[in-house]
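K.L.:
compute the structure for the input listed below.
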Amino acid sequence: LPAHADAPKPGQSMTHMKTNAGITSALEGLGVVLFVQGGGTAAIIGDSIAAANGQVVFHIPVTASKSGVEHKGTNIIFFNTLNNKQVVVKNPVIDLTNGVVKAVIPQASAEALTLFTITNASTLKPAVTNDRKAKLRTSAYKGAALSLAPGISASLISLLELPAGSLAEGTAFAPADVSLYSKIGK
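P.N.:
Model (predicted):
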């Protein structure tokens, strides 16, 4: 079936994230697969997730926004196929100002945890496009470099019951492109 997306509206956004080459094969070697649940979609680049250069691409629309870019209703799942343990990353919020991505991980805490740090946040500048006909401004942030935040590797290892040291602290995880849509005033 062909994919269909509604035209963006003010207050909405879209995140496109592609895992770094090697992440999915390292996780798959541990029995862990990545996928999205809810409003997002995921696809594999390369022969398979086990291929040395295999990558997973996520397209995550925003369905609600409070502060930053909040992906309400979209979850990223780390699922350990060897023991049926999973980590659910609920409603990730991209905070470009503070250079972090926070999310609730119910298996760890009811509070939002810092999942990723945006290592190049201080240098990210948006490319702004104005569509006067549609009265829509697009601010596109390209290449936000996401790395696992301090302590998250240890949490994932513990929650998924992976071998100690199997996921390095601060692992470079994925670049992400974030597009924010807003109204153009008169």
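
K.L.:
name the surrounding residues that touch the longest helix along the chain.
P.N.:
Among the elements of the chain assigned as helix by DSSP state H, the one spanning the most residues is helix 152-160. Residues external to helix 152-160 that are found in contact with it (C-beta atoms under 8 Å, 6 or more residues apart in numbering): 30, 32, 78, 80, 83, 85-87, 105, 107-108, 113-116, 148, 162-171. Yep, even glycine has a C-beta here, placed from its N, CA and C like the rest.

K.L.:
any stretches of this structure with poor pLDDT?
P.N.:
In the predicted model of the chain, residues 1-11, 62-68, 70, 186 satisfy pLDDT under 70.

K.L.:
ok, which stretches of it are helices?
P.N.:
Defined through DSSP H, the helices belonging to the chain, from first to last, are 23-29, 152-160.

K.L.:
same list, these, but as CSV with distance to residue 95 and mean neighbour count please.
P.N.:
Formatted as CSV, the helices of the chain follow (distance: least, C-beta to C-beta, whole Å; neighbours: other C-beta atoms under 10 Å):
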stretch, distance to residue 95, mean neighbour count
helix 23-29, 22, 19
helix 152-160, 16, 19
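
K.L.:
could those helices be laid out in TSV, adding distance to residue 182?
P.N.:
Conversion of the helices of the chain to TSV gives the following (distance: least, C-beta to C-beta, whole Å):
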stretch	distance to residue 182
helix 23-29	32
helix 152-160	31
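
K.L.:
to residue 91, which of these lies closest?
P.N.:
helix 152-160 (16.4 Å; C-beta to C-beta).
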